[in-house]
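Novice: Predicted structure and sequence below. I'll ask about it afterward.
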Number of protein chains: 2
Amino acid sequence: MTTDLPAKRARLRDDLILAAEAAIAAGGLSALKARTLAETAGCAVGAIYNVFPDLDALIFAVNARTLEKLDAVLAATIRPDTDPETAMRRLALAYHGFSRAERRRWTAVFAHQIPDGSSPPDWYLGVVGKLFRHIEGPLAALLPDATPEVRGGLARTLFSATHGIVSLGLEEKLGPAPDEVIAQALVVMTRSWVLGLPGAVAPR
Amino acid sequence: MTTDLPAKRARLRDDLILAAEAAIAAGGLSALKARTLAETAGCAVGAIYNVFPDLDALIFAVNARTLEKLDAVLAATIRPDTDPETAMRRLALAYHGFSRAERRRWTAVFAHQIPDGSSPPDWYLGVVGKLFRHIEGPLAALLPDATPEVRGGLARTLFSATHGIVSLGLEEKLGPAPDEVIAQALVVMTRSWVLGLPGAVAPR
DNA sequence: AGCGATTTTTGAACGCCGTTCAAATTTTTC
DNA sequence: GAAAAATTTGAACGGCGTTCAAAAATCGCT
């Protein structure tokens, strides 16, 4: 019985990601411990470092999965021909809903701090980048004259703004913030974009 | 020479806050170490815990100072009679500028994660809450018919959205984000609010 | 001023963490 | 089947926040 070397490594890799994901879902980023992880995945502590350079890399793998799941949720949210306001509102509310449903996993994506000089791996930024494209459809309908560059930049801006509202609400960094209040804020915000953006991007 | 008991404690408290602030400004939240702190402030490690229940409490004290400083910057940014668009744009750009000038201290405010169940102390939320009031002036000029409650909620929303744009830009969580790009995004965003909010808050 | 009671300060020690690396084990090669 | 190479192992390391028995300082009283 030849257990196929690289396949065994790949299986351990998957087991570790699943174990890490479960730990994060149960207790947040700070609940991720090398020793617990090794026990859950059924390997020695040192084995983790045969597959990942450090726990940060493992966290990136988990966070990428969370982002992929969010991507799928957003993709299922709108049809291509939905009008811009409905589409933007649904996207924002879907984002909010996901962040509530997957509270800890989603928080981990943004709470994860990497050492000062370094930046996220390229493959990871690619996964992040896919998220913006959902907004680009509605934006194109709303701003037919905008260049793809302008639209791309704007998609990023709207994503960031939505993220700010959802994120500060979820972590309650600004005080209590009930679900319904956040949702209403998102509705007003998206409505304001639909009314204001066409004039705002046009040159003076 | 009676060295006045409570005064000595207060002095140590201040020394610790200053030492912590310097550590954070030099190397971020993760550079805050109890032993280094004690040495800088000229006390024993255990003495920290005579003044603060734990390092989290000390971090709140530092972050409150940072927020007070931001509050002062925002207060100096606009005159009472500035038109809404100019005021909002200046506030957003001032927020962005502060986050760049005080990169590490500002990052510490939002990167600071408290244990799962607990929430920030009330006095701290009070300091945070003061920040929103700067937006309320311009908002009142823009939406004369809005109730104070609506204005208050909206101020929070706009703050959160601005924060999202500045924050994701600064941490480069979505990829590279040069200063000028972020600033331009804020200009478009505030312009869109001025054009769109009056219609967006009005009932259908 | 003297001296026992009380409070405050001290820093070695504790438990836990991510990570390493010499040794044990497994797999490959001939 | 045995020697060589590659992989896996887990005790050990250095560093962390926090604690707490002991030491030092201060207070209360005569």
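Specialist: Looks like it came in fine.
Novice: Residues contacting the host helix or strand of A:G46, please?
Specialist: Assigned by DSSP states H and E, A:G46 belongs to helix A:45-51. Applying C-beta atoms under 8 Å, 6 or more residues apart in numbering or on different chains, the external contacts of helix A:45-51 come out as A:9, A:12-13, A:16, A:34-35, A:37-38, A:41, A:55, A:58. Where you see a C-beta, it was placed from the backbone N, CA and C, and this is true even at glycine.
Novice: Please check these and keep the buried ones.
Specialist: For these, a burial check counting by 16 or more other C-beta atoms under 10 Å in any protein chain shown picks out A:12-13, A:16, A:37-38, A:41, A:55, A:58.
Novice: Taking those residues together, which two end up most distant?
Specialist: For the buried ones among the contacts of helix A:45-51, the farthest-apart pair by C-beta to C-beta is A:L12 and A:L55; their separation is 15.1 Å.
Novice: Helices of chain A, start to end?
Specialist: Secondary structure of chain A (DSSP state H): helices located at A:5-27, A:34-41, A:45-51, A:55-75, A:84-101, A:103-111, A:122-142, A:148-171, A:179-201.
Novice: other SSEs contacting the fifth one?
Specialist: In terms of contacts (3 or more C-beta pairs under 8 Å, 6 or more residues apart in numbering or on different chains; DSSP states H and E), helix A:84-101 is packed against helix A:55-75, helix A:122-142, helix A:148-171, helix A:179-201.
Novice: 10 Å instead?
Specialist: Packing partners of helix A:84-101 (3 or more C-beta pairs under 10 Å, 6 or more residues apart in numbering or on different chains; DSSP states H and E): helix A:55-75, helix A:103-111, helix A:122-142, helix A:148-171, helix A:179-201.
Novice: buried sites along that helix?
Specialist: For helix A:84-101, burial by neighbour count (16+ other C-beta under 10 Å) applies to A:84-85, A:87-99.
Novice: Intersect the contacts of helix A:45-51 with the contacts of DNA strand D.
Specialist: Applying C-beta under 7 Å from any atom of the strand, the subset of those adjacent to DNA strand D comprises A:9, A:12.
Novice: Would you mind measuring from the residue nearest the centre of chain A to chain B?
Specialist: Closest to where the C-alpha atoms of chain A average out (C-alpha atoms, centre = their mean) is A:L67, at 4.0 Å. According to C-beta to the nearest C-beta, to the nearest Å, A:L67 stands 11 Å off from chain B.
Novice: swap in A:A111?
Specialist: Separation of A:A111 from chain B (C-beta to the nearest C-beta): 6 Å.
Novice: got the contact list for that residue?
Specialist: A:24, A:28-30, A:59, A:63, A:104, A:167, A:171, B:110-111, B:113 (C-beta atoms under 10 Å, 6 or more residues apart in numbering or on different chains).
Novice: was I right about A:L170 contacting A:G97?
Specialist: No - in this structure, A:L170 is not within contact of A:G97 by C-beta atoms under 10 Å, at 11.5 Å.
Novice: A:F98 contacts A:V166, doesn't it?
Specialist: Yes - using C-beta under 10 Å, A:F98 is in contact with A:V166, at 9.1 Å.
Novice: joint contacts of those two?
Specialist: Common contacts of A:F98 and A:V166 (C-beta under 10 Å, 6+ apart): A:W106.
Novice: Give the closest residue to A:L154 in space, chain neighbours not counted.
Specialist: Closest residue in space to A:L154, ignoring its immediate chain neighbours: A:L139 at 5.9 Å, by C-beta to C-beta, 6 or more residues apart in numbering or on different chains.
Novice: how deep is the one you found tucked in, by neighbour count?
Specialist: 24 (other C-beta atoms under 10 Å in any protein chain shown).
Novice: now do A:T147
Specialist: Neighbour number of A:T147 under other C-beta under 10 Å is 9.
Novice: circling back to that earlier point, list the residues that contact the residue nearest to A:L154.
Specialist: So A:L139 contacts A:84, A:87-88, A:132, A:146, A:150-152, A:154-155, A:158, A:193, A:197, A:201 (C-beta under 10 Å, 6+ apart).
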